[in-house]
Every structure is written in structure tokens, then in C-alpha cells.
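Peer 1: Any chance you can model this:
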Amino acid sequence: MRLFIAAELDENAREAFASMQTQLRRAGVGGNYTKRENLHITLAFIGEYGDSEKILRLLSSLETPPMTITPEGFGAFDGLWWAGIEKNAALENYVRRLRRALAENGVPFDKKRFSPHVTLIRRPDRAAMPALSVPQGIVSPVTVSLMRSDRGKYGMIYTRIE
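Peer 2: Numbering: from 1, shown residues only. I've put the predicted structure just below:
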């Protein structure tokens, strides 16, 4: 099973990020847009791993402080365009503790530097991102969840594992 740990966004934030996608569509940008219900921040990508119960136990052992996110700026890497997240000490400290717990318990994960973002579109059909505006005043509480990722007929399907 393909797994990742995500900061799920509230409806207010999903609307804000979806509005950024609308700006891209209005600018005529084609590509594989992230479905509104799939908008999230990946905290740790695990990949193929069969013991979701072990990861759930690790998550429950970590105190999750109240965390909020605020959108800030845009960027691109590896064939995707994303909306950035304002620097956030609580989120960064949590991710550091989470990744340390995964490593100490032998759970493999992608060790790339944590760069908090929400993927808006994959494989855009142009090289340069048009000018976009970040909705102002959006602050979203996040919920940390273990997610399963499956390839569906019309794109990725993310399912929260309880």
C-alpha cells in the first residue's frame, strides 16, 4: 500500500487553494490539476509499506500541537506548480519529530528536505507560471492523517486511514 502522512486542510483553505487553481485555468494553463478534495501538505512520503498500524501507533504517540497554515507565494519543481506555506515553527518542529520517530522505528520515508507546499497542478502545459495572487487572510488549522494513495481512472484517490 502506498502511504504518506499529510496535513489535511480545512474547507476554508481548500477553497483558497482551489481559487489559485481557478486563476491558472483562467490564464489558459492545462495540465493535471490536483482535485480539490486531495489538496494537502505532505509531511512525510512513505511509499509502498505494508504496516499502516505501526505508523498509526507512531502518530498517536506524538503530541500534535495546534497548527495553522497561511498560503504564501508560488513555485515550481519536478514538473509541478505549488502554492507555498508561510514559515511556521510549530509545523516544522512537528515534522522534525515525526520524521525522527519514523526513522527510529524503521519506517522508510523520503528524506528530502521538508518544503511545505500544496501542489496545485502536475505537468503544466507551459514553462512559465503566470502571475497569480494569494488570497489574503486565509489561516487554516490542520489535521495530521495517515493517507493511502491509489491510482484511479481519473487521477489519484487519497483515503484517510483511521
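Peer 1: avg pLDDT for stretch 101-111?
Peer 2: For stretch 101-111, the mean per-residue pLDDT is 95.
Peer 1: Stretch 33-46 too?
Peer 2: Stretch 33-46 carries an average pLDDT of 94.
Peer 1: Can you tell me who the residue positioned nearest the centre of the chain pairs with across the strands?
Peer 2: Closest residue to the average C-alpha location of the chain: residue 41 at 1.9 Å, with Cα atoms, centre = their mean. Beta bridges link residue 41 to residue 7, judged by DSSP bridges.
Peer 1: who touches it in this structure?
Peer 2: Applying Cβ atoms under 8 Å, 6 or more residues apart in numbering to residue 41 gives the contacts 6-7, 9, 69, 85, 91, 116-118, 142. No exception for glycine: its C-beta is placed from N, CA and C like everyone else's.
Peer 1: try it again with 7 Å
Peer 2: Shown in contact with residue 41 (Cβ atoms under 7 Å, 6 or more residues apart in numbering): 6-7, 69, 85, 116-118.
Peer 1: Of the residues you listed, which is the nearest to residue 107?
Peer 2: The shortest approach to residue 107 among the contacts of residue 41 belongs to residue 6, at 15.3 Å (Cβ to Cβ).
Peer 1: Keeping just the C-alphas, turn the strand ranked longest in the chain into PDB.
Peer 2: In the chain, taking DSSP state E as the definition, the longest strand is strand 140-152. The C-alpha atoms that make up strand 140-152 are tabulated as PDB, following Å, rounded to 0.1, in the frame of the first residue of the first chain:
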ATOM      1  CA  SER A 140      -6.200  27.100   8.300                       C
ATOM      2  CA  PRO A 141      -6.000  24.700  11.100                       C
ATOM      3  CA  VAL A 142      -4.600  21.400  10.000                       C
ATOM      4  CA  THR A 143      -5.200  17.800  11.000                       C
ATOM      5  CA  VAL A 144      -2.400  15.200  10.600                       C
ATOM      6  CA  SER A 145      -3.500  12.000   9.000                       C
ATOM      7  CA  LEU A 146      -2.000   8.800   7.500                       C
ATOM      8  CA  MET A 147      -3.200   8.600   3.900                       C
ATOM      9  CA  ARG A 148      -3.300   5.900   1.300                       C
ATOM     10  CA  SER A 149      -2.700   6.800  -2.300                       C
ATOM     11  CA  ASP A 150      -4.300   4.800  -5.100                       C
ATOM     12  CA  ARG A 151      -4.300   5.500  -8.900                       C
ATOM     13  CA  GLY A 152      -7.900   5.800 -10.100                       C
END
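Peer 1: Great, nothing more from me.
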